[in-house]
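1. need coordinates for the below:
(chains A and B)
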Protein chains: 2
Amino acid sequence: MNLLLLEPGDFIDENRVQLQGRRLQHMQDVHGVTTGDTLKAGVLNGSMGTARILQLSQTLAELEVSLDKAPPPPLPITLLLALPRPKMLRRVLQTVATMGVKQLYLINSWRVEKSYWQSPFLSEHAIREQLLLGLEQGCDTLLPEVHIRQRFKPFVEDELPGLVAGNMALVAHPSGEMPCPTSVQDNLVLALGPEGGFIDYEIQKFQETGFDAVTLGARILRVETAIPAILGRLFQ
Amino acid sequence: MNLLLLEPGDFIDENRVQLQGRRLQHMQDVHGVTTGDTLKAGVLNGSMGTARILQLSQTLAELEVSLDKAPPPPLPITLLLALPRPKMLRRVLQTVATMGVKQLYLINSWRVEKSYWQSPFLSEHAIREQLLLGLEQGCDTLLPEVHIRQRFKPFVEDELPGLVAGNMALVAHPSGEMPCPTSVQDNLVLALGPEGGFIDYEIQKFQETGFDAVTLGARILRVETAIPAILGRLFQ
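-> Coordinates of the predicted model:
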C-alpha cells in the first residue's frame, strides 16, 4: 500500500476521513504509523495528495486530507486478455491496475478452460478488490474498467471493430512475423492469448479485424510476466 | 512446462532417457501425452530439440531424444536484487530464469527484513527447483547462477567494482534522474531495490561504484512486475 486509497464513503467532512478495517490495519501493522504522521493518499477516481493522522485507535483512524494533484496519466491501451486461470487472474488484475491500464477485456479463447468462467474471482466484488490493491501499489486512483466477454466470436465480430477503429491493433503470437514495436504514443489495442496461445482461427479473426501479429521473441512467458514485459517495451 | 528439461542422470543411452516423478506426471496430466508423441526437449546446460515417447506407464516413460539446436541467447545482464520476501522470491527466480537472466545476485539492503535470510526457499535445492521451472516455462536450458550476498558493504566495496568494470551499470530508484534506457546491446549490471527502495546511503555506494540512478516512472511496481517491465524495456 504505497497510496492510501480513499472512497467517497470514508469522508465525514470535506477534508476529513475515518478508516476502519484493512486499510487501518495495514497502516498500523506495516507502516507502523502514529498520530501526526503523513501518508500519500488519493480518492478513488479523483485527486492525490496527503493524509495526516489526527486520531488513531485499534479500531478507527481519523485523517485530514489534502488532495490537489492529478493521478499519473493512464497508458493509452485497451488490453484484451484470454481469461487466465483464477489464481493468476488475481495477480494479473493487480498488475494491470498498478501499471496504468484502464480498459481490460477478459475474453474467451479455445484454450481457456471452461471452468475458469465459473471462478468466484470473476465476481464484480472480487475483481474490484484486486484492482484497488493494484492502484494502492502503483499510486494511482483511476479504477480500471474490466469487461467480461465469454463468447469469442460475437465479441470479435460485433464489438472489436469499434474498439479498433482508428487505433493500432496488435496480437501477441509466437509465430508473429513483426517484432513488437516500442515507444508507442498512440492508442493501442493489444490482445494476449492463453497458455498455449490463440489458435489459428482466432489469430485469423484478429487479423481480419485489422490486428498485426507480433512476436515477443523465442521465450514463452507466463501471462503475468508477459504483461509487464510488453507494456515496459511498448510505452517508454 | 513448454520444454521437457532433461538432466544427465536421465540418460540410459546416448539418445534415450527414462523419466519418473514430476515431469512424467506433468506430461501425462497436463499434456495428456501418449506413446509416439513428440515433445520439445532440451538437456540442462546443453542443446535443445525433441523427445519422442517410446514407452509410457504410470510410473515410467522412456523417450528417444534428438537434440541439435542451441538454446536462446542469454540476456547480457547481471541482475542485483535486494532479497525479496520468500513467497515472492520463488516467483522472481522463475521469472529470471524464464526471461534469460544468467547472473543473479541476491543482496542485502537496509529495508530487507532480516528474517528473509533464514527462509528455506534460499537453500540451494529450493533455488534450483524454481530456476528449472522457469527454464521449462521459457524454453531454455542454461541454468542461471544465483549468488547470495548477505552483507551489503563488503559486496559493494570488494566485489561489485569487478562486476561493473567495462559495463553499463544502472540502479533503479524512484528519484533517479535519467529515464531507464532502451535497446541496450552491451553488458549491463542492473540493481533493483527492496520494497520501499534502497536507502540514500546505498544509492550513494552504488553511484560511487559507477552506477547511474534511473527511474521507471511515477508508478511503484512490485519486484515481480518491475523485473519483466525493465527487462522488456532494456532488451529489444
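2. which residues are in contact with the host helix or strand of residue A:160?
-> Applying DSSP states H and E as the criterion places residue A:160 in helix A:160-164. Here helix A:160-164 makes contact (C-beta atoms under 8 Å, 6 or more residues apart in numbering or on different chains) with A:78, A:80, A:189, A:209, A:210, A:211. C-beta coordinates here come from the backbone N, C-alpha and C atoms, glycine included.
3. can I get these in JSON lines including secondary structure and pLDDT?
-> JSON lines is the format used below for the contacts of helix A:160-164 (DSSP: H, G, I helix; E, B strand; the rest coil; pLDDT from 0 to 100):
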{"residue": "A:78", "secondary structure": "strand", "pLDDT": "98"}
{"residue": "A:80", "secondary structure": "strand", "pLDDT": "98"}
{"residue": "A:189", "secondary structure": "strand", "pLDDT": "97"}
{"residue": "A:209", "secondary structure": "coil", "pLDDT": "96"}
{"residue": "A:210", "secondary structure": "coil", "pLDDT": "96"}
{"residue": "A:211", "secondary structure": "coil", "pLDDT": "96"}
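4. of those, grab the buried ones for PyMOL.
-> Provided next is the PyMOL selection string for whichever of these are buried by 16 or more other C-beta atoms under 10 Å in any protein chain shown:
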select buried, chain A and resi 78+80+189+209+211
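5. what residues does chain A have near chain B?
-> A:2, A:72, A:95, A:98-100, A:137-140, A:179, A:182-183, A:217-222, A:224-233, A:236 (C-beta under 8 Å from any C-beta of the partner chain).
6. inside helices: which ones of those residues?
-> Among those, the members found in helices (DSSP state H) are A:95, A:98-99, A:137-138, A:224-233.
7. could you give me the ChimeraX syntax to select whichever of those residues are buried?
-> This is the ChimeraX syntax for the buried subset of these, where burial follows 16+ other C-beta under 10 Å:
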select /A:95,98,99,137,138,224,225,226,227,228,229,230,231,232,233
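8. and the ones in helices among the residues of chain A next to chain B, which two are furthest apart?
-> A:137 and A:233 (20.7 Å; C-beta to C-beta).
9. which strands or helices does the helix or strand of chain A with the lowest mean pLDDT pack on?
-> In chain A, the helix or strand scored least confidently by mean pLDDT, DSSP states H and E is strand A:178-179, which has a mean of 84. The contact analysis (3 or more C-beta pairs under 8 Å, 6 or more residues apart in numbering or on different chains; DSSP states H and E) places strand A:178-179 against strand A:212-215.
10. for the strand it packs on, buried residues please.
-> Residues A:212, A:213, A:214 are the ones in strand A:212-215 that count as buried (16+ other C-beta under 10 Å).
11. show me which of those residues is closest to chain B.
-> residue A:214 (12.1 Å; C-beta to the nearest C-beta).
12. give me the distance between that closest one and residue A:160.
-> As judged by C-beta to C-beta, to the nearest Å, residue A:214 and residue A:160 stand 17 Å apart.
13. can you check residue A:108 too?
-> 13 Å.
14. what about these two, which has more around it?
-> Taking neighbours as other C-beta atoms under 10 Å in any protein chain shown, residue A:108 and residue A:160 compare with residue A:160 leading, 26 against 22.
15. so what's residue A:8 up against?
-> A:43, A:44.
16. same question, residue A:79
-> The neighbours of residue A:79, taking C-beta under 8 Å, 6+ apart as the test, are A:96, A:101, A:103, A:104, A:105, A:190, A:192, A:227.
17. and it, helix, strand or coil?
-> strand (DSSP: H, G, I helix; E, B strand; the rest coil).
18. give me the low-pLDDT residue ranges for chain A?
-> Scanning chain A for pLDDT under 70 picks out the ranges A:236.
19. would you mind writing the CA trace of the helix holding residue A:160 as CSV?
-> C-alpha atoms of helix A:160-164 as CSV (Å, rounded to 0.1, in the frame of the first residue of the first chain):
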residue,chain,number,x,y,z
LEU,A,160,-14.0,-5.4,-31.6
PRO,A,161,-14.2,-3.4,-34.8
GLY,A,162,-15.5,-0.4,-32.8
LEU,A,163,-12.6,-0.7,-30.3
VAL,A,164,-10.0,-1.0,-33.0
